[in-house]
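> return atomic coordinates for the entry below.
(one chain, ligands or ions: 1)
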Amino acid sequence: MKKFLITGALGQIGSELAMELRKRYGNENVVASDLSKRESIVVESGPFEVLDITDSDKLDEIVKKHEINWIINLAAILSAVGEKNPSLAWEINMNGLFNVLEVARENNCAVFTPSSIAAFGPNTPKDDTPQDTIQRPNTMYGVTKVSGELLCDYYYEKFGVDTRGVRFPGLISYSTLPGGGTTDYAVHIYYEALKKGKFTCPLDEDTYMDMMYMPDAINAIIDLIEADASKLKHRNAFNVTAMSFNPEMIANEIKKHISEFTMDYDVNNDLQKIANSWPNSLDDSAAKKEWDWNPKYDLEAMTKDMLDKLKEKLNIEK
Ligand code: VAH
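Down below sits the predicted model:
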């Protein structure tokens with residue numbers, strides 16, 4: 001029986017992953033953890049531990065106490081925050097991951113930790129970015145992501161730790177707000193469209209980036225964890241994507257539901273520089289071939305569901 005520990009479990013991915021894993025594996029088999037305890041269905045619906053990912057002794061104690069055999073490491077500093085505080089990004093994303101891999105090695109746990117399209121850089125082929133290609137990111141977040149991919153490969157090759165991961169694109173969800181990434185605009189636009197009928201976009205109109213709706217991201221994590229290990233040629237850092245769009249396209253999709261919605265631009269140069277260094281679109285054929293990756297939501301389906309769910313969440317008349 002799988003027994004999971006999720007780090008960063010109150011974040012954008014963790015808050016939904018914890019609930020889906022508890023539904024599939026039982027509440028008591030999914031231990032959530034985060035830097036502090038706060039009111040949340042994740043805290044109330046099953047085991048929760050306060051954990052600073054840089055405290056390896058505490059991590060080891062929790063793994064032993066709950067007899068964990070899968071660590072899902074989501075604690076991370078994202079791209080925009082990481083550029084403002086690069087040493088914190090290294091501390092959490094790299095030293096945190098190192099602690100997870102060491103504790104996993106000592107306690108015979110498997111590890112899932114996500115990489116990102118940020119692991120590519122300005123001289124990576126931008127369109128249909130291959131699974132195996134040049135990776136010279138120029139953000140601290142990207143450096144930690146490509147380093148994390150290599151570290152996870154090393155722990156698999158050297159110590160036999162069953163490490164798995166995907167390169168996530170921008171993730172869009174209605175449940176928990178994102179925590180300081182370059183793709184966060186694609187979440188905030190839905191809230192602003194419903195609350196104010198208008199949105200000021202921080203990226204220019206032809207900034208293409210890969211994106212994914214959270215239900216597909218949750219399924220990607222669980223499907224990869226459940227995948228037959230013998231079929232995983234790439235193991236860590238599979239390219240996964242569901243759609244690629246620019247701000248104009250998401251605004252036009254929202255207008256199909258909110259006809260009076262308007263958007264203008266006030267480009268944030270720091271964010272634009274990060275976005276410009278990332279791919280326009282990914283080739284995710286390796287994930288499709290090795291573990292049947294199959295996203296369900298495109299921009300049209302995501303927009304309809306986001307607006308429906310946010311109207312309920314924000315108590316806005318349908
Ligand atoms: C970020 N949401 O913007 C994250 C993600 C591909 C982007 O890694 O930093």
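
> got the buried residues for stretch 303-317?
In terms of neighbour count (16 or more other CB atoms under 10 Å), stretch 303-317 has its buried residues at T303, D305, M306, L307, L310. For the C-beta atoms, the positions are set from N, CA and C on the backbone; glycine is no exception.

> and what of stretch 96-108?
Along stretch 96-108, the positions that meet the burial threshold by neighbour count (16+ other CB under 10 Å) are G96, L97, F98, N99, V100, L101, E102, V103, A104.

> what sits against the one residue in the stretch 201-318 of the chain that gets nearest to the ligand?
For the stretch 201-318 of the chain, the residue positioned closest to the ligand under CB to the nearest ligand atom is W278, at a distance of 6.7 Å. If you count contacts by CB atoms under 8 Å, 6 or more residues apart in numbering, W278 has them with I117, A118, F120, T182, M209.

> secondary structure element holding it?
Take DSSP states H and E as the rule and W278 turns out to sit in neither a helix nor a strand.

> pLDDT at it, what is it?
With respect to pLDDT, W278 has a value of 97.

> for the nearest residue to T303 once chain neighbours are set aside, phi and psi?
Take T303 and drop its neighbours on the chain: the residue closest to it by CB to CB, 6 or more residues apart in numbering is E253, 4.4 Å away. The phi and psi values for E253, taken as degrees, to the nearest 10, are phi -70, psi -40.

> OK, contacts around E253?
Residues touching E253, when contacts are defined by CB under 8 Å, 6+ apart, comprise L299, E300, T303.

> ok but the second one is inside a helix, no?
It stands for E300. Yes. Looking at E300 with DSSP: H, G, I helix; E, B strand; the rest coil, it is inside a helix.

> any idea how far it is from E39?
Distance from E300 to E39, counting by CB to CB, to the nearest Å: 34 Å.

> for these two, indicate the residue with more neighbours.
Regarding E300 and E39, a neighbour count based on other CB atoms under 10 Å identifies E300 as having more, with 11 against 7.

> tell me the pLDDT of that one.
Checking the pLDDT column for E300, the value is 98.

> ok, and the closest non-adjacent residue to it?
Excluding its sequence neighbours, the residue lying closest to E300 (CB to CB, 6+ apart) is E253, at 6.3 Å.

> per-residue confidence for K318?
Confidence for K318, expressed as pLDDT, is 65.

> can you point me to the longest helix in the protein?
Secondary structure of the chain read by DSSP state H shows that its longest helix is helix 140-159.

> contacting residues around the helix or strand just after it?
Read in the C-terminal direction, the helix or strand following helix 140-159 is strand 163-164, with elements assigned using DSSP H and E. With contacts defined as CB under 8 Å, 6+ apart, strand 163-164 is touched by 101, 104, 110-113, 152-153, 155-156, 224-225, 227, 232, 235-236.
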